[in-house]
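A.B. asks: here you go, sequence then predicted model.
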Amino acid sequence: MAASFPETAISTERLVLRPLAEDDAPGLAEMMADELVLAWTDLPHPFTEAYAAELARTLAPARRAAGHGIVFAVTEHLTQRLVGLVELRNTDWRLRSTEIAYVTAPWARGEGYAPEAVLAVAQWLFEDRGFLRLEMRTAAGNTAAQQVAQKIGGISEGVLRSAWIVRGEPGEVTLGAPAGHPGGGESRSDLILWSLLPEDMESPADQEAGWPGDRYVLRD
């Protein structure tokens, strides 16, 4: 049997990261219809409610069971509102390494949810799952995704030239994603490769951590 991540939930002070549910389909489809998400991701377009339900029901569980990664719905702790998506993929169990991609819903941008969610997943990977490397890939024009990588303490390792295709006009969106995709109105882009190791995580020491109130803090 292939190694795989357990079905689990991760909590921060403001967020709950949990497995996708079929009830998430309407909000997920609305989130993915945003033009900025379309520009920077390789997700299907149109991203229909039917596909979202299938992702929650069979596709995401199958990817987890096969050891490829895991998909988390990101929800607000108090309201249970869907505010984003985090995916681990291209997992190498021998190297204890995986890649993270993240999307923030248009109605939840500007709240710092993406770095909070990504940092929580990194902490879970390093402390609970014994992983030793987390990678992020951000398009050269995707400044919001680059800011997320910087805030969690990611180290830029270099540029992958002409390794990404942008759909439509580029803008700001909190997603890091590899792989190309077909379609019209596209342009090629470089990717910035980021990494995070356990030793890169910044401890609050004697500080009062504003988020999440325990072992690690976001960088300014």
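C.D. replies: Nice, thanks for sending it over. Numbering: from 1, shown residues only.
A.B. asks: where along the chain do the helices fall?
C.D. replies: For the chain, applying DSSP state H gives helices covering 25-32, 35-40, 49-54, 60-65, 113-123, 143-151.
A.B. asks: quick one: residues in contact with the first one.
C.D. replies: With contact meaning C-beta atoms under 8 Å, 6 or more residues apart in numbering, helix 25-32 is reached by 20, 37-38, 41, 43, 45, 47-53, 55-56, 73, 81-82, 84-85, 103, 105-106. (Each C-beta comes from the backbone N, C-alpha and C, glycine too.)
A.B. asks: thinking again about what came up before, and the helices of the chain, which is most packed in?
C.D. replies: When you average the neighbours per residue for each of the helices of the chain (mean count of other C-beta atoms under 10 Å), helix 113-123 leads with a mean of 24.
A.B. asks: could you check how far that one is from the centre of its chain?
C.D. replies: 8 Å (C-alpha atoms, centre = their mean, to the nearest Å).
A.B. asks: output that helix as CSV, nothing but the C-alphas.
C.D. replies: What follows is helix 113-123, C-alpha atoms only, in CSV (Å, rounded to 0.1, in the frame of the first residue of the first chain):
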residue,chain,number,x,y,z
TYR,A,113,-5.7,33.9,5.4
ALA,A,114,-3.3,32.4,2.8
PRO,A,115,-0.1,32.7,4.9
GLU,A,116,-1.9,31.6,8.0
ALA,A,117,-3.2,28.5,6.3
VAL,A,118,0.1,27.6,4.5
LEU,A,119,2.1,28.1,7.8
ALA,A,120,-0.3,25.8,9.6
VAL,A,121,0.1,23.1,7.0
ALA,A,122,3.9,23.5,7.1
GLN,A,123,3.9,23.1,10.9
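A.B. asks: check contacts around Tyr113.
C.D. replies: So Tyr113 contacts Arg14, Leu15, Val74, Val83, Gly84, Thr104 (C-beta under 8 Å, 6+ apart).
A.B. asks: now with 10 Å?
C.D. replies: For Tyr113, the contact set (C-beta atoms under 10 Å, 6 or more residues apart in numbering) comprises 12, 14-15, 74-76, 83-84, 102, 104-105, 148, 174.
A.B. asks: among the residues you listed, name the ones in strands.
C.D. replies: Leu15, Val74, Thr75, Glu76, Val83, Gly84, Tyr102, Thr104 (DSSP state E).
A.B. asks: having no further points to raise, I will conclude here.
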